[in-house]
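Student: Got a sequence here, can you model it:
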Amino acid sequence: MSKKGRVLVAMSGGVDSSVAAAMLHEEGYEVIGITMKTWDYVSSGSNSKETGCCSLDSINDARNVAVSLGFHHYIIDIREEFGDYVINNFVEEYLAGRTPNPCVLCNTHIKWEALLKRADKLDCEFIATGHYAQRAVYNNRFYIKKGIDTHKDQSYVLWGLSQKNLSRSLFPLGQYHKTKIKEMALEMGFQELFKKSESYEICFVPDNDYREFLKYKVPDLEQQVAGGDFILTDGTVVGKHKGYPFYTIGQRKGLEIALGYPVYVVNIIPETNTVVLGKDNALLSTEMWVKNYNLMKYENITEAMTANTKIRYKDAGTDSTLYMQNDYIKVIFEEPVRAIAPGQSAVFYEGEDVIGGGWIMKNSTI
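Tutor: Reported below is the predicted structural model:
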């Protein structure tokens, strides 16, 4: 075994994970590549040609990189465990009136567990991915730092990783910008990967149309939920909608309702199949509650701890104060934030460091 150790690298067939594997190989690690089959278009109700990380082309691209660099590569099928947990949760969250965050759920409960399980079988000390993030240690605790490429930083989707999982994780790309990684891909001879376009869609939702996906998974959904009321924040009924699961907090387009001024979805009430509309200022809030949180940098949050809180992936973050309240974290923002969506992740930062994160609750109070 290499002095650096043996590392199992998750390889999607894209440029990032391929360069990550190559970098570790060049650094002297004994690399083993692994590609996880998490879904297919047939199970998603699509007859389109598969694209993205689980397609045959991507699996072959990952294997070709491994062959060219001279290390072993394996393919594992985790469609059953992925579907049972991630896809079922995705559907359940929309039916509960929330907006799910499947990438975080997958990283936390599926991908890392699947990788570590195989790493143990292959005697690998470490696992590695192509995420743009960094791992650091403070007071014997592992935590995530932002990647230095602010446009590609993926720390937001990694807040759920446990100390055990982080202790064995490597993120080779965290100290690089994407432009440099693409330059390295060309230098390494990965011309075809350099040309591949990136997908920002949910991997198991064909054409990024979650509404059609929900209809496929729940065949009679439209009949169940069509014809509910659009109401204003004062309770006035102003029209009928197509079904509450087909709307998200902050949505303006596609409402198909004219009131003479712009309105947005400000609340979803599944119990009565009601969608609440309001003006833009009705989306503003200065507090929220977070449940099922995971702390990274610190074992506990001190009373009235300050943090910069992100409520969605592309959110710049807002200065806030965190309060521990039994099994929840109450977040008070210094300035109003827009369109807090239950079901999404809230991630707390101290500078570049991830303090932790959790799931935004349905109600502002508990």
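Student: Residues in contact with stretch 271-283: which ones?
Tutor: Around stretch 271-283, the neighbours that count as contacts under Cβ atoms under 8 Å, 6 or more residues apart in numbering are 225, 227-233, 238, 241, 243-244, 247, 249-250, 255, 257, 259, 261-269, 338-339. Where C-beta positions appear, they are placed from N, C-alpha and C, glycine not excepted.
Student: how about 6 Å then?
Tutor: Applying Cβ atoms under 6 Å, 6 or more residues apart in numbering, the contact partners of stretch 271-283 are 225, 228-233, 241, 244, 247, 250, 263-268, 338-339.
Student: What ranges does the stretch 151-300 of the chain have for its strands?
Tutor: 169-170, 229-232, 237-240, 264-269, 274-278, 284-295 (DSSP state E, counting those that start in this stretch).
Student: Residue 233 - nearest residue in space that isn't next to it in sequence?
Tutor: With sequence-adjacent residues excluded and distances taken as Cβ to Cβ, 6 or more residues apart in numbering, residue 233 is closest to residue 278, at 4.5 Å.
Student: burial measure for that neighbour, as a count.
Tutor: 16 (other Cβ atoms under 10 Å).
Student: What of the one 4 residues further on?
Tutor: Residue 282 sits with 16 neighbouring residues when counted by other Cβ under 10 Å.
Student: One more: residue 191?
Tutor: For residue 191, the neighbour count with other Cβ under 10 Å is 9.
Student: Can you tell me how far it is from residue 251?
Tutor: Distance, residue 191 to residue 251, by Cβ to Cβ, to the nearest Å: 41 Å.
Student: Same question for residue 76.
Tutor: Computed as Cβ to Cβ, the residue 76 to residue 251 distance reads 37 Å.
Student: can you check residue 234 too?
Tutor: Taken as Cβ to Cβ, the span from residue 234 to residue 251 is 20 Å.
Student: who's more crowded, the two?
Tutor: residue 251 (19 against 7).
Student: coming back round to it: the strands of the stretch 151-300 of the chain: which one's closest to residue 101?
Tutor: Counting by Cβ to Cβ, residue 101 lies closest to strand 284-295 out of the strands of the stretch 151-300 of the chain; the figure is 11.9 Å.
Student: between the following helix or strand past the closest one and strand 284-295, what angle do the directions make?
Tutor: Once strand 284-295 ends, the next helix or strand along the chain (criterion: DSSP states H and E) is strand 305-310. Interaxial angle, strand 305-310 versus strand 284-295 (axes from the mean of the first three to the mean of the last three Cα atoms, to 10 degrees): 110 degrees.
Student: Dump strand 305-310 to PDB, keeping only the CA atoms.
Tutor: The C-alpha coordinates for strand 305-310 follow below in PDB (Å, rounded to 0.1, in the frame of the first residue of the first chain):
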ATOM      1  CA  MET A 305     -24.100  32.900  18.800                       C
ATOM      2  CA  THR A 306     -23.600  35.100  15.800                       C
ATOM      3  CA  ALA A 307     -23.400  33.500  12.300                       C
ATOM      4  CA  ASN A 308     -23.900  34.200   8.700                       C
ATOM      5  CA  THR A 309     -26.900  32.100   7.600                       C
ATOM      6  CA  LYS A 310     -27.600  30.800   4.100                       C
END
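Student: chain center to it: distance?
Tutor: Centroid separation between strand 305-310 and its chain, computed with Cα atoms, centre = their mean, to the nearest Å, is 19 Å.
Student: Now do that strand: which elements does it pack against?
Tutor: Counting contacts by 3 or more Cβ pairs under 6 Å, 6 or more residues apart in numbering; DSSP states H and E, strand 305-310 is packed against strand 318-325, strand 345-350.
Student: can we see that at 10 Å?
Tutor: Counting contacts by 3 or more Cβ pairs under 10 Å, 6 or more residues apart in numbering; DSSP states H and E, strand 305-310 packs against strand 318-325, strand 328-338, strand 345-350, strand 353-360.
Student: For the longest one, buried residues please.
Tutor: The reference is to strand 328-338. For strand 328-338, burial by neighbour count (16 or more other Cβ atoms under 10 Å) applies to 328, 329, 330, 331, 333, 337.
Student: Go through the lowest-mean-pLDDT helix or strand in the chain and flag the buried ones.
Tutor: When the helices and strands of the chain are scored by mean pLDDT, DSSP states H and E, helix 191-195 comes last with a mean of 74. Neighbour counts over helix 191-195 (16+ other Cβ under 10 Å) mark 193, 194 as buried.
Student: do stretch 157-177 as well
Tutor: 157-161, 165-166, 168-174, 176-177.
Student: List just the nearest of those to residue 132.
Tutor: Nearest member of the buried residues of stretch 157-177 to residue 132, counting by Cβ to Cβ, is residue 173, at 5.3 Å.
Student: give the contact list for that closest one.
Tutor: Each residue near residue 173 by Cβ atoms under 10 Å, 6 or more residues apart in numbering is listed here: 16-17, 19-20, 23, 128-134, 147-149, 152, 154, 180-181, 184.
Student: same thing but at 6 Å, please
Tutor: Residue 173 is in contact with 20, 130, 132, counting by Cβ under 6 Å, 6+ apart.
Student: Buried ones in stretch 221-234, by neighbour count?
Tutor: Under the neighbour-count criterion of 16+ other Cβ under 10 Å, stretch 221-234 has 221, 222, 225, 228, 229, 230, 231, 232 buried.
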